[in-house]
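Asker: just to be clear, the model below is a prediction. Sequence and coordinates:
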2 protein chains.
Amino acid sequence: MERERPVSDVARTLGMTQPGASKHLRILREVGLVRVREAGRERLYALDARGLRPIHEWVGGFEQYRNETFERLNTYVRELQVAREEADDA
Amino acid sequence: MERERPVSDVARTLGMTQPGASKHLRILREVGLVRVREAGRERLYALDARGLRPIHEWVGGFEQYRNETFERLNTYVRELQVAREEADDA
DNA sequence: TTGACGCATGCCCATATCGGTATATATTAC
DNA sequence: GTAATATATACCGATATGGGCATGCGTCAA
């Protein structure tokens, strides 16, 4: 992430072959998560954090359901208590 | 997301079979993204947004590289300009 | 210009994943 | 008790995915 790296470097780091890394990087490039810079016979890949922005926001969109989830849970628990009290009364 | 639903409901909504939905929900349950409540012969599934929190934070952790990415890009562009000027001088 | 190097692609195999059918289990209704 | 309903699981086939090797193409160095 921290700096751009040639394909073979990525491959070595991840313990895979050069073609393997090349194919992964291709996908990441196609979805906009990395950018490439050609330097001679090397292709320097680097993270393009902009591509993660939509993902981050999408996941964050569920945040609003956090409280609601617990509210539902509380409602349920209260219903249980009421039901029990009524059963005790009978 | 907005409320708890029985398996068959989820299946119908997603246009898949009941076993299909059941298997997906099992996975989601195992990774903590949904919770289940047994109601008679029904299993009411609901989103557990807490499970998304770590994902959200993990993705957000890359946010710090956003600016750095552009700084690297700017540095590169400046290097190009300098190199061109030197070439022009020669 | 020729050989070495870096990368991308084509091809192939092993395995994972997805979705379906059949079926066992548990619960409700009669 | 028996039938109907809701779910989970086992099993199976089609397809996707991951990773390797062989190879072609561009680039650099001698």
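Answerer: Right, received. Where do you want to start? Remember, predicted model here, so these are calculated numbers, not experimental data.
Asker: could you use CA atoms for every contact and neighbour count after this?
Answerer: OK.
Asker: does stretch A:45-53 come close to chain B?
Answerer: Yes. Stretch A:45-53 lies within reach of chain B by CA under 8 Å from any CA of the partner chain, at A:Leu47, A:Asp48, A:Ala49, A:Arg50, A:Leu52, A:Arg53.
Asker: domains in chain A, by residue range?
Answerer: Per automatic domain parsing, the structural domains of chain A span A:1-47, A:50-90.
Asker: just these: most buried one?
Answerer: Of all those, domain A:1-47 has the most neighbours on average by mean count of other CA atoms under 10 Å in any protein chain shown, namely a mean of 15.
Asker: could you tell me the end-to-end distance of it?
Answerer: Domain A:1-47 stretches 5 Å from its first residue to its last (CA to CA, to the nearest Å).
Asker: how far is it from where the chain is centred?
Answerer: 20 Å (CA atoms, centre = their mean, to the nearest Å).
Asker: tell me the average confidence for it?
Answerer: The predicted model assigns domain A:1-47 a mean pLDDT of 94.
Asker: residues contacting the residue positioned nearest the centre of chain A?
Answerer: Centroid-nearest residue in chain A: A:Ile55, 6.5 Å away (criterion: CA atoms, centre = their mean). By CA atoms under 8 Å, 6 or more residues apart in numbering or on different chains, the contact set of A:Ile55 is B:Val59.
Asker: any idea of the mean pLDDT in the helix or strand encompassing it?
Answerer: Per DSSP states H and E, A:Ile55 falls inside helix A:52-60. When pLDDT is averaged over helix A:52-60, the result is 90.
Asker: near chain B, which residues of chain A?
Answerer: A:1-2, A:47-50, A:52-53, A:55-56, A:59-60, A:62-63, A:65-66, A:69.
Asker: roughly how far does the residue in chain A positioned nearest to DNA strand D sit from A:Pro6?
Answerer: Closest residue of chain A to DNA strand D, CA to the nearest atom of the strand: A:Gly40 (3.0 Å). Plainly put, A:Gly40 is 11 Å away from A:Pro6 if you go by CA to CA.
Asker: excluding chain neighbours, give the residue nearest to A:Arg29 in space.
Answerer: Once flanking residues are discounted, A:Arg29 sits nearest to A:Arg35: 6.1 Å by CA to CA, 6 or more residues apart in numbering or on different chains.
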